[in-house]
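In: Next input, structure requested:
(chains A, B and C)
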Amino acid sequence: MTDEELMRIVQETLVSVAPDLEGETFDPDATFRDQFEIDSMDYLNFIVGLSKRTGLEIPESAYPDLQTPAEVVRWLRGHRAEA
Amino acid sequence: MTTSRRITYREAVRQALREALASDERVFLMGEDVGAYGGAYACSLGLVDEFGTERVRNTPLAESGFTGAGIGAALGGMRPIVEIMTVNFALLALDQIVNTAATLRHMSGGQVSVPLVIRMATGAGRQLAAQHSHSLENWFAHVPGIRVVSPSTIPDARGMLKSALADPDPVIIMEHAMLYNEEGELEDAEDHAVDLDRAAVRRPGEQATIVTYSAGVKKALEAAGRLADEGISAEVIDLRSLRPLDDETVMASVRRTHRAVIVDEGWRTGSLAAEVATRIHEQAFYDLDAPVERVCTAEVPIPYPRHLEQAALPQPEGIVAAVKRTLRR
Amino acid sequence: MTPFTMPSLGADMDAGTLVEWTRRPGDPVRRGDVVAVVETQKGAIEIEVFHDGTLGRTLVAPGEKVPVGTVLAEILGPGEPMPAEASQSPAPAAAAEPGHAPEPPPAEAPPATRVEPAAAPPAPAAPTPAPSAAGRVVATPAARRRAGEAGIDLAAVPPGPGGVIGLAEVEAVAGRPPSAPAGGETPREARRGGPDLSGMRKAIAAALARSHREIPPYWGSRTIDVTDLYAWLERRNAERPVAERILFAAPLIRAVARALKESPGLNGHLAEDGFRPAEAVHLGIGTALRGGGLVAPALHDADRLDVAGVMAALSDLVPRARAGRLRSSEMTDATATLSSLGEDTSDSLMPLIYPPQVAIVGCGGPVRRPWVVDGEIVVRRVMTVTVGGDHRVSDGRLADRFLARLETVIKEPDAP
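Out: Reported below is the predicted structural model:
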């Protein structure tokens, strides 16, 4: 799966959690909180959605490394390779 | 070139009387104390010295009698001006006005006419209590065969008399007692006759039409000024003629503004306001954006104490509120 | 027959627009059932009935805006006959669907095109009699003619003040541009779905201006060590799959609710006849909306749920608050409110009470600080909790007791 495809998964998952973000421009390097006013509830739902979508178990300890779209893509790429 | 000068409504009435007496020998004035005393509201003060007791005639306190005498004189080719002190005393002359003056042209098959002018004071506001404060314009405006006019401005106070005298049928001029001391500009025009048939737009506006007459005009203009301060544009129409009513001017305005408020010092029930409102519903219903509002006098005999008298009468606050209701604000 | 009326969903609400009937006339209804959806300044609210019976005639059609207290429908008791006209009532839009259409009603203008009247001091409420034509469109003659000319269905025109469709209301629909204005960036809030944020801002302004004007508040603060709670949370979440994880907010809500339960002077409503303490603790959860705006829907019986139960309720409540899909009971039942800023935010806050409630609890962000434990300075995670109380009902001492109690119960997330 290419980075572009992973990025699309990130975007789609985020929009499914917060439908009002449909059509927003994504800055891959800005944090979810800063660019989308994502709070802890949204973030948890995002992680849940991502986990469902990719089949990967995402531990709470990984949260600090998953703050921007680019970080999430990087993390997914690495862990998909492991799995 | 015309010049203008500042005079009172009372002086405008007096000037009109003087001009009428001076220009037509058939014209004479009669009424209670109109001679040396100058009439109850001093409108004819000094005229007896200019024109003599033959043409400025005191009468007994007998309204039916001297109104009848005026009708007879009119039938005989004169142009009498009968002054009745106030509208409440005109009730004593109702038989002459309604049964005789208004009917003779029709009952004679057009053979005779009654070119009579009756002036009377109306209205409340001078603490004259329940028997001297009536606004019964609608009683007279109800009767076919007479014309009823109500001057609210200085030019109308002067000009309406000349036009009334030129009318071959009876004309009643209703002068509001609160207007006599009002001041205004009067142009010294040669021909000062005015159109008796048309209402006048005293203030143009866009969002609501306030229809009124007589002393109501001043209150409506004050209300329109306050509304303008709040960004609401109200048009003020002075009916001027109470019979016949100028439907055209009223409807043209209501069709534009879609809202109407009628201000009438008469009591609400059976009022002129009711007549105007009904005509608006008959002729401009599909243009209305709100029910027609009426601001009338409280249905009580006019109280004597000043605060109660003022509370009973239409006031600018009530007019402002009524206009806002039509705007659903 | 019991009238089912437009409820007041907050001190600041004076009218609402019926969006849809979710039940048909003739359907049996039970207390608590959602029978209608009403658009308010705080979004589309699902309206519940308070009586068992049968839905009788519906008197207000979708799209109509009516004042609070207007009878929307009749609830018939057992054995009451169905009025003949019921069959003519407008059919519910979503009667056959289990859910609701996510779209706002088409009659409602998007916020960007809404034209506000020129600023003018509000006129005193005019004593205009309410239009008597219940159950049908109330439109002025001029409005009817204009709608006819423009080919507009009056049923689709949102009524103006007093529930009347006037010329202005028709013109607003007739003159509405068919799409967003060409060129120029549409404001971010205007593009987003969910509740009408400009209307919500007015509602917040009205409620909090009233709070600030009427309520003499006192505030008390205490900084509470939540290190152990965080450790408990991490342990618990580590052994569970993602979907079962809970947020810090869940044990916090539960602890605040439990402490409120033992502080009756902070939990209830101040009515005109005095303070009415509440039996249950329905905790209003301050929820920020993207693009601005705030709602505080009630999380029912927050003191009686366990942490997992609170988390489940929260997961249900917050997305619906964001989408503008709350129930009427959630808008009105809150007995006190919790405003929690979350991590990486201000250390503390001094919140304003939402009337007619009498208390609000504000939590700053939990942060690591040097802290004294057993005489030693250690790094601990602490959170400053501020409780604002209505001084007409209680005194500052109650804040102290509440905060002391909270400090104890927050350490017992598993307590029954």
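In: quick one, what contacts the spatially most central residue of chain A?
Out: Compute the mean C-alpha point of chain A, and by C-alpha atoms, centre = their mean the closest residue is residue A:10, 4.3 Å away. Going by C-beta atoms under 8 Å, 6 or more residues apart in numbering or on different chains, residue A:10 touches A:50, A:69, A:72-73, A:76. In short, each C-beta sits where N, CA and C put it, glycine included.
In: Ok, residue B:152 next?
Out: Here residue B:152 is in contact with B:176, B:179, B:202, B:213-218, B:238, B:240 (criterion: C-beta under 8 Å, 6+ apart).
In: For residue B:280, state which of these is nearest.
Out: Proximity of these to residue B:280 was ranked by C-beta to C-beta; the top entry is residue B:213 with 15.2 Å.
In: Isn't the closest one up against residue B:245?
Out: No: taking contacts as C-beta atoms under 8 Å, residue B:213 lies outside contact range of residue B:245: 10.0 Å.
In: any shared contact partners between those two?
Out: Overlap of the contact sets of residue B:213 and residue B:245 (by C-beta under 8 Å, 6+ apart) consists of residue B:239.
In: Of those two, which one has the most company?
Out: residue B:213 (32 against 21; other C-beta atoms under 10 Å in any protein chain shown).
In: ok so, going back, just checking, which of the contacts of residue A:10 belong to strands?
Out: Among the contacts of residue A:10, none falls in strands (DSSP state E).
In: mind listing what's buried in the helix or strand of chain A with the lowest mean pLDDT?
Out: The helix or strand of chain A with the lowest confidence, counting by mean pLDDT, DSSP states H and E, is helix A:32-36 at a mean of 85. Neighbour-count burial for helix A:32-36 flags A:32-33, A:35-36 (criterion: 16 or more other C-beta atoms under 10 Å in any protein chain shown).
In: and chain C, which of those residues reach it?
Out: The subset of these within reach of chain C, by C-beta under 8 Å from any C-beta of the partner chain, is A:33, A:36.
In: Including distance to residue B:234, could the buried residues of helix A:32-36 go into CSV?
Out: Compiled in CSV, those are given as follows (distance: C-beta to C-beta, whole Å):
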residue, distance to residue B:234
A:32, 56
A:33, 54
A:35, 52
A:36, 50
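In: what's the closest of the buried residues of helix A:32-36 to residue C:15?
Out: Sorting the buried residues of helix A:32-36 by distance to residue C:15 puts residue A:36 at the head of the list, at 33.2 Å, by C-beta to C-beta.
In: OK, contacts around the closest one?
Out: Shown here is residue A:36, whose contacts under the criterion C-beta under 8 Å, 6+ apart are A:14, A:18, A:21, A:24, A:42, C:290.
In: Could you list the contact residues of the stretch 201-350 of chain C toward chain A?
Out: Those residues of the stretch 201-350 of chain C that sit near chain A, judged by C-beta under 8 Å from any C-beta, are C:234, C:237-238, C:241-243, C:245, C:247-249, C:288, C:290-291, C:314-315, C:318-319, C:322-323, C:342-344.
In: Can you flag the buried ones in the residues you listed?
Out: The neighbour count (16+ other C-beta under 10 Å) marks C:237, C:242, C:245, C:247-249, C:288, C:290-291, C:314-315, C:318-319, C:322-323, C:342 as buried among those.
In: show me where pLDDT drops low in the chain?
Out: No chain specified, so I'll use chain A. Using pLDDT under 70 as the threshold, the predicted model of chain A has low-confidence ranges A:83.
In: Wait, chain B was what I had in mind.
Out: B:1-2, B:190.
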